[in-house]
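Chemist: have a look; sequence and predicted model below, questions after that.
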Amino acid sequence: MSEATVLNPVLAGLYIDGQWRSGGEQLTVINPSTEERLAIVTGGDANAVYDAVQASRQAFVAWSKTTGAARAMILRNIAAGVAAKRERLIELQCRNNGKPAFEAGIDVDDVIATFNYYAVLAEASDGQQNSAVELPSDDFTARLRREPCGVVGLIVPWNFPMVTTAWKLAPALAAGCCVVLKPSEVTPLAELELAHIIASSGLPGGVFNLVCGTGAAVGAPLSGHPGVAKISFTGSNAVGVQVMQRAAETVKGVSLELGGKSSLLVLADADLDLAVELASGGGYFNAGQMCSATSRVLVAQALLEPFLERLVAKAESIKVAGPLEEGAEMGPLVNQAQYQRVIAHIEAGKQAGARLLCGGGRPDNQPRGYFLQPAVFTQVPLDSALWREEIFGPVLCVRGFDSEAEAIALANDSQFGLVASVVSGDTANAERVADALQAGLVWINAPQVIFAQAAWGGYKQSSLGRELGPWGLQAFQEIKHVIRAV
Ligand code: NAD
């Protein structure tokens with residue numbers, strides 16, 4: 001198939017109460033490598049949200065009473081369905097997101113691992129339900145129940161559409177919740193495919209509902225719906241605040257996974273080649289469109305010059321090409337709006353006095369598509385937007401430091417605190433620095449590996465709550481104690 005192939009002219013974007021439906025609004029989905037239309041998805045509105053919540057509430061009556069073992073079986077069916085469609089899901093993400101195939105494959109494998117992990121937790125929950133609670137009195141007994149919190153709204157972004165969906169959907173279903181999922185209008189195709197897989201997983205109708213559409217037409221009414229117990233949102237800070245405000249009207253629970261401006265610290269005892277490899281991965285994976293991008297690279301002064309030399313060589317060697325092209329290492333940005341936003345940040349950075357060492361423009365061999373050569377900046381003013389704001393593109397800002405204390409202070413001087421990385425040849429040094437960083441996840445001498453067992457989320461304005469691990473499941477549960485006089 002050529003890059004330009006239209007997948008299907010019109011796709012129904014609503015799956016409500018076990019039925020596919022067409023919506024009213026036509027969402028044009030494009031291929032960012034070619035700027036051509038891939039498909040039209042018909043999206044919903046407040047009425048579709050109302051129907052989906054109604055269906056969920058009805059389904060909740062029975063689904064919330066199922067055993068963890070029964071829910072685990074469905075989660076494993078979904079994981080198996082995703083595995084069976086692995087190639088198709090990779091292709092959809094290549095075309096719709098612009099991800100190179102190896103990156104899209106990592107996403108799909110993460111989704112499979114997440115559903116299988118929460119199947120294990122769902123099964124284990126049967127044995128933990130009604131566990132005895134010790135009280136300082138012989139006159140009473142107490143038991144603890146964890147119950148599903150109700151109908152939940154899941155709102156996800158475009159950068160890792162399948163992964164962010166799975167991190168919410170798998171624990172929500174494992175907990176016994178019913179779900180209304182709203183994908184990003186920019187990248188709904190993989191989630192539509194996922195919805196088809198879920199539709200044949202054995203899940204009763206109404207437990208899982210999908211409403212494609214824009215934030216205004218679908219996300220806002222979902223956030224404000226009084227029948228929704230909780231919203232789990234991943235996206236920008238600006239929208240996260242709006243979701244929280246809408247949710248406040250009906251005092252519903254909110255989990256937020258928002259932006260980042262994370263650091264990678266290269267200590268004086270670091271292996272330079274490893275540091276360059278990790279800086280490149282942390283800054284340019286998914287074309288830098290990562291909330292966890294380690295876009296601020298702090299390097300011990302003695303290593304700064306050779307580090308910059310090798311990082312520039314590495315950035316210039318990256319093959320920027322359409323995801324389906326042989327050897328593509330970095331694809332395009334997701335759409336024109338994001339492309340223009342990143343270019344505007346690069347220009348503003350130059351105006352602010354930052355020095356661009358390489359990249360930041362369109363590659364010569366890519367006349368179309370939202371392609372950008374990976375950029376390396378140095379001498380970036382600490383008060384510039386380039387240093388302080390989330391760029392969400394393949395842009396690294398590198399700065400030297402004189403002492404460990406200065407490096408830690410620079411890293412922590414941010415409104416965000418999602419992740420951080422430390423590169424060091426000395427374990428004790430690296431661990432000490434990791435402990436001092438204000439971030440929800442710190443990698444030492446490691447790429448950004450993610451395990452379903454370890455929490456995802458950060459400090460400060462990056463997150464509210466945590467995803468993955470048992471914390472991801474607890475986010476969809478109410479706690480009930482039953483105390484009885486004996
Ligand atoms: P976005 O905030 O524009 O959109 C996210 C989702 O919210 C989309 O589905 C969108 O349609 C919906 N939405 C828009 N307006 C809404 C409203 N008023 N009410 C309810 N929903 C609304 O974000 P994006 O541009 O799709 O994604 C990029 C952002 O996501 C970045 O800031 C990035 O840091 C963040 N992100 C965070 C994490 C994390 O784990 N912390 C992971 C991935 C992405």
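Modeler: Looks like it came in fine.
Chemist: show me where the stretch 351-486 of the chain has its strands.
Modeler: In the stretch 351-486 of the chain, strands defined by DSSP state E, counting those that start in this stretch lie at 355-358, 375-378, 395-401, 416-417, 419-423, 441-444, 459-460, 463-464, 477-485, listed in chain order.
Chemist: likewise for the stretch 101-250 of the chain?
Modeler: Under DSSP E, counting those that start in this stretch, the stretch 101-250 of the chain gives strands at 131-132, 140-148, 151-155, 178-182, 208-211, 230-234.
Chemist: export those strands to CSV and tack on mean pLDDT and mean neighbour count?
Modeler: In short, each C-beta sits where N, CA and C put it, glycine included. Shown next, in CSV, are the strands of the stretch 101-250 of the chain (pLDDT from 0 to 100; neighbours: other CB atoms under 10 Å):
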stretch, mean pLDDT, mean neighbour count
strand 131-132, 97, 10
strand 140-148, 98, 16
strand 151-155, 98, 29
strand 178-182, 98, 28
strand 208-211, 98, 29
strand 230-234, 98, 26
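Chemist: which one of these lies nearest to T66?
Modeler: Of all the strands of the stretch 101-250 of the chain, it is strand 140-148 that lies closest to T66, at 9.7 Å by CB to CB.
Chemist: picking up where we left off before, can you add distance to F476 and give the strands of the stretch 101-250 of the chain back as JSON lines?
Modeler: As requested, these are exported to JSON lines (distance: least, CB to CB, whole Å):
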{"stretch": "strand 131-132", "distance to F476": "19"}
{"stretch": "strand 140-148", "distance to F476": "6"}
{"stretch": "strand 151-155", "distance to F476": "6"}
{"stretch": "strand 178-182", "distance to F476": "9"}
{"stretch": "strand 208-211", "distance to F476": "14"}
{"stretch": "strand 230-234", "distance to F476": "7"}
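Chemist: for D109, which of those is the nearest?
Modeler: Nearest to D109, of these and by CB to CB, is strand 230-234 at 19.3 Å.
Chemist: just to revisit the earlier point, most tightly packed of the strands of the stretch 351-486 of the chain?
Modeler: strand 419-423 (a mean of 29; mean count of other CB atoms under 10 Å).
Chemist: in terms of secondary structure, what does that strand contact?
Modeler: Counting contacts by 3 or more CB pairs under 8 Å, 6 or more residues apart in numbering; DSSP states H and E, strand 419-423 packs against strand 263-266, helix 272-284, helix 427-436, strand 441-444.
Chemist: winner for burial among these?
Modeler: Among the helices and strands packed on strand 419-423, ranked by average contacts under mean count of other CB under 10 Å, first place goes to strand 263-266 (a mean of 28).
Chemist: dump that one to CSV, keeping only the CA atoms.
Modeler: Extracted C-alpha coordinates of strand 263-266, given in CSV (Å, rounded to 0.1, in the frame of the first residue of the first chain):
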residue,chain,number,x,y,z
SER,A,263,15.5,16.7,32.6
LEU,A,264,18.3,14.3,31.8
LEU,A,265,21.3,14.8,34.1
VAL,A,266,24.7,13.7,32.8
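Chemist: what parts of the stretch 351-486 of the chain come near the ligand?
Modeler: Near the ligand, the residues belonging to the stretch 351-486 of the chain are E390, F392, L418, S462, S463 when assessed by CB under 6 Å from any ligand atom.
Chemist: which one of those is nearest L144?
Modeler: So of these, ranked by how close each gets to L144 (CB to CB), first place is S463, at 26.3 Å.
Chemist: pull out the buried residues from stretch 88-101.
Modeler: Neighbour counts over stretch 88-101 (16 or more other CB atoms under 10 Å) mark 89-101 as buried.
Chemist: quick one: R143 and V133 touch, right?
Modeler: Yes: the pair R143 / V133 is scored as a contact, 6.4 Å apart, by CB atoms under 8 Å.
Chemist: SS state for V254?
Modeler: Assigned by DSSP: H, G, I helix; E, B strand; the rest coil, the conformation of V254 is strand.
Chemist: for it, give me its contacts.
Modeler: Contact analysis of V254 by CB atoms under 8 Å, 6 or more residues apart in numbering lists K230, I231, S232, F233, V243, M244, A247, L464.
Chemist: for it, list each beta-bridge partner.
Modeler: I231 (DSSP bridges).
Chemist: thinking again about what came up before, dump the strands of the stretch 351-486 of the chain to CSV, plus mean pLDDT.
Modeler: Output for the strands of the stretch 351-486 of the chain, formatted as CSV (pLDDT from 0 to 100):
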stretch, mean pLDDT
strand 355-358, 98
strand 375-378, 98
strand 395-401, 98
strand 416-417, 98
strand 419-423, 98
strand 441-444, 98
strand 459-460, 98
strand 463-464, 98
strand 477-485, 98
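Chemist: do you know which of these lies nearest Q129?
Modeler: For those, proximity to Q129 was assessed by CB to CB; strand 477-485 is nearest, at 10.3 Å.
Chemist: what comes into contact with that closest one?
Modeler: Residues contacting strand 477-485 (CB under 8 Å, 6+ apart): 133, 135, 139-149, 175.
Chemist: just the closest of the residues you listed to F160, please.
Modeler: Of the contacts of strand 477-485, the one sitting nearest to F160 (CB to CB) turns out to be A175, at 21.9 Å.
Chemist: how many residues are close by the closest one?
Modeler: By other CB atoms under 10 Å, 26 other residues sit near A175.
Chemist: distance check, the nearest residue to it once chain neighbours are set aside against the ligand.
Modeler: Nearest residue to A175, sequence neighbours excluded (CB to CB, 6 or more residues apart in numbering): F476, at 3.8 Å. Separation of F476 from the ligand (CB to the nearest ligand atom, to the nearest Å) stands at 17 Å.
Chemist: list the contacts for F476?
Modeler: Contacts here follow CB under 8 Å, 6+ apart; on that basis F476 touches P148, C149, V152, P171, A172, A174, A175, C177, K230, S232.
Chemist: of the residues you listed, which is the nearest to the ligand?
Modeler: Sorting the contacts of F476 by distance to the ligand puts S232 at the head of the list, at 10.9 Å, by CB to the nearest ligand atom.
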